[in-house]
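Novice: Got a sequence here, can you model it:
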Amino acid sequence: IENKVILMKNAYIKENNGFKEIHLGSKSSMEFSDEKINMISYSTSFAKTKRIKDLEPNDNVNIEGTVVQVFDPKFYDSCPECRKKLNELGKCDTHGSVEKKEVPIVNIYLDDGTENIRVVLFNENAVKLVQGTDTLKNTNEFRDEVLGKQLKIQGRVIKNEMFDRNEFRANNIEELRPEDIIK
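Specialist: Take a look at the predicted model:
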C-alpha cells in the first residue's frame, strides 16, 4: 500500500546485481506502522552513466549511444508466471503445463564514440525499440526503424567467456531526444 510505513522484524539484506534487497525468512514479520513520514523521495534510476570503454564486468550502469548494428530478432516460448524458457517438452519446470508466451530477444551494438558493445534486450525492452511486436517480426522494417537510434540503456555488464568480451544486458531503455544529448 502506497505511502504506508512498514515495520519489518528479523529481515536481512542481500546484494543482488549491485542492488540491495530485503529478504524475509521464516522468523521474519511485517506489520503496518502508524508512524508518519513527511516526505518520501526516491529516484527510479540509481545507476550512474559510464562510457562504454570504461565498463567492467558486473557494473550496473547506464550507457548512452547510437545503434550501429542490428541482428534479426529471435523468439522463444516462456512461462507466463515465472517468465523462464519452457523446456523441450513445452512445459515450465516450475509451473508445469502453461499457456506459452512468446518472448522476443534482440541483439544490437551500441556505440558511444569511445567503443561499442553488444546489448541484449529481452521482452518489453525489445518491444520498446520499435512500434510493436509486429515490427520485430518484419526484419527489414525492424532494421530500418532501429539502426541509428540514440538510446540510454540501464543494465548490467556481463563477461561473455566464450567470446572473451563484455556484453550488456538491458533492464530498461529509453530513446534519447536531441535536447537530452545536448545537455
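Novice: got a list of contacts for the strand ranked longest in the chain?
Specialist: Counting residues, the longest strand found in the chain (DSSP state E) is strand 19-33. Strand 19-33 is contacted by residues 1, 4-15, 46, 60 when judged by CB atoms under 8 Å, 6 or more residues apart in numbering. The C-beta positions use only the backbone N, C-alpha and C, and glycine is treated the same way.
Novice: Name the member of these with the most neighbours.
Specialist: Asn60 (16 neighbours; other CB atoms under 10 Å).
Novice: which regions of this structure lie under the pLDDT threshold?
Specialist: Counting by pLDDT under 70, the chain contains low-confidence ranges at 1-3, 16-19, 36-47, 180-181, 183.
Novice: which stretches of it form helices?
Specialist: 123-128, 133-136, 139-146, 178-182 (DSSP state H).
Novice: Next, format those as TSV and append distance to Asn160 and mean neighbour count.
Specialist: Below are the helices of the chain laid out as TSV (distance: least, CB to CB, whole Å; neighbours: other CB atoms under 10 Å):
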stretch	distance to Asn160	mean neighbour count
helix 123-128	19	18
helix 133-136	23	16
helix 139-146	22	15
helix 178-182	29	9
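Novice: okay, these in JSON lines with distance to Asp34 next?
Specialist: Output for the helices of the chain, formatted as JSON lines (distance: least, CB to CB, whole Å):
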{"stretch": "helix 123-128", "distance to Asp34": "38"}
{"stretch": "helix 133-136", "distance to Asp34": "47"}
{"stretch": "helix 139-146", "distance to Asp34": "51"}
{"stretch": "helix 178-182", "distance to Asp34": "42"}
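Novice: And those helices: which comes nearest Ile52?
Specialist: Among the helices of the chain, helix 178-182 comes nearest to Ile52, with 15.7 Å by CB to CB.
Novice: closest to Phe71 among the contacts of strand 19-33?
Specialist: The closest of these, once distances to Phe71 are taken by CB to CB, is Asn60, at 24.1 Å.
Novice: how close does that closest one sit to Ala170?
Specialist: For Asn60, the distance to Ala170 equals 12 Å [CB to CB, to the nearest Å].
Novice: all strands for this structure, in order.
Specialist: Under DSSP E, the chain gives strands at 5-16, 19-33, 48-49, 60-70, 74-78, 101-111, 116-122, 150-160, 165-175.
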